[in-house]
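**Student:** Task: produce atomic coordinates for the following.
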Amino acid sequence: MNARGDLHGIVVPVITPVDEEDRIDGAAFRRVIRYLIEAGVHGLFVGGSAGEGPLLTWPEWARMMEVALDEVSGVIPILGGVMETSTRRTIEKLKLLQGMGYRYYAVSPTYYIVTRSSQEHLRLFGACKEACPEMEMVVYNIPSCVGSSIALDTFLEMGRRGWMRYCKESSGDPNLLLPLIAQGRELGLRVLVGEERLMYDGLLAGGVGAVPVGANYEPETYIHLYEAGVRGDRDELARHFERARYVCGILTGGTSWLAGIKYALSQRGMGNGRPVSPLQPTEEERRLLIDTIVPLD
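**Tutor:** Next comes the predicted model:
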């Protein structure tokens, strides 16, 4: 049974090491999870874009979820990604998570054939809530991957209907994030900041945490950043925010943002650095730049 604490703080969108056949490298995946837990992160998000969940075969996706839940073993909350191309496919994954013992799941608007209207978004999220009402739905806005953005009014309507307490807002648009934090608070909505560039403003505005991909590599910086935000210490928050921006910029600046992060962790003995095919492996120039990052003491 996974941890029952509320989602907050630094929830890492954990990367998923794979072998040459795009199968889960279970031993390396467990090392990544242990590394993050030992660093003191507050939660994990498994199978998101950083975790390449939608790119894996269904059996490998299920294995990823099982390994993660087993390794976390109730120490911190764990969030499973069920992003898919249709409502039925999403619910099939959701039912699998329910059977494994997950409490939290993240779901974005469906993709490939893009859903653009609030009615389509509400139809999907409503069906998910009805299918597994005892699970906690985290509504995930990531238009860069799915092709459409969830409107502020749609978020608020779901809050009024009692479908969710949490959302992950990754549009990168402060004109959505900040009103969502402010207006959602009145409905009991708790917003996780998904775009690293907005962590400073989002945490000060009342976001309950962040889901930063750079925390895979240097979790301590992001934990200090969150703690400074909770204290309202703008100077410390700014200092750690600048370090996070620097590290993440180097890791994600190549042809494939994900490949750089996986390469960096491979240099710490966690996986081989390969992204799932057909994503481009890290180019040599980017590898050399990543190697120049000086770890914090």
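
**Student:** helix/strand/coil for the closest residue to residue 108 other than its chain neighbours?
**Tutor:** Residue nearest to residue 108 in three dimensions, not counting chain neighbours: residue 140, with 4.2 Å by Cβ to Cβ, 6 or more residues apart in numbering. Where you see a C-beta, it was placed from the backbone N, CA and C, and this is true even at glycine. Of the three states, residue 140 takes strand under DSSP: H, G, I helix; E, B strand; the rest coil.

**Student:** Could you do the one 5 residues further on as well?
**Tutor:** Secondary structure state of residue 145, per three-state DSSP, is helix.

**Student:** That one: neighbour count?
**Tutor:** The local packing of residue 145 (other Cβ atoms under 10 Å) involves 14 other residues.

**Student:** coming back round to it: so what's the residue nearest to residue 108 up against?
**Tutor:** Counting by Cβ atoms under 8 Å, 6 or more residues apart in numbering, residue 140 makes contact with 48, 81, 83, 106, 107, 108, 167, 168, 170, 194.

**Student:** separation between the first one and residue 106?
**Tutor:** It stands for residue 48. The gap separating residue 48 from residue 106 is 7 Å, by Cβ to Cβ, to the nearest Å.

**Student:** With residue 12 instead?
**Tutor:** Distance from residue 12 to residue 106, by Cβ to Cβ: 13 Å.

**Student:** Compare the two and say which is more crowded by neighbours.
**Tutor:** Applying other Cβ under 10 Å to residue 12 and residue 106 shows that residue 12 carries more neighbours, namely 31 against 27.

**Student:** For the more buried one, which three-state class applies?
**Tutor:** Counting by three-state DSSP, the backbone at residue 12 sits in strand.

**Student:** Low-confidence regions, the chain specifically.
**Tutor:** Flagging of the chain using pLDDT under 70 yields the residue ranges 1-5, 294-297.

**Student:** now the helices for it?
**Tutor:** In the chain, the helices defined using DSSP state H lie at 26-39, 58-72, 87-100, 118-131, 143-146, 152-160, 174-185, 199-205, 219-231, 234-252, 257-266, 284-290.
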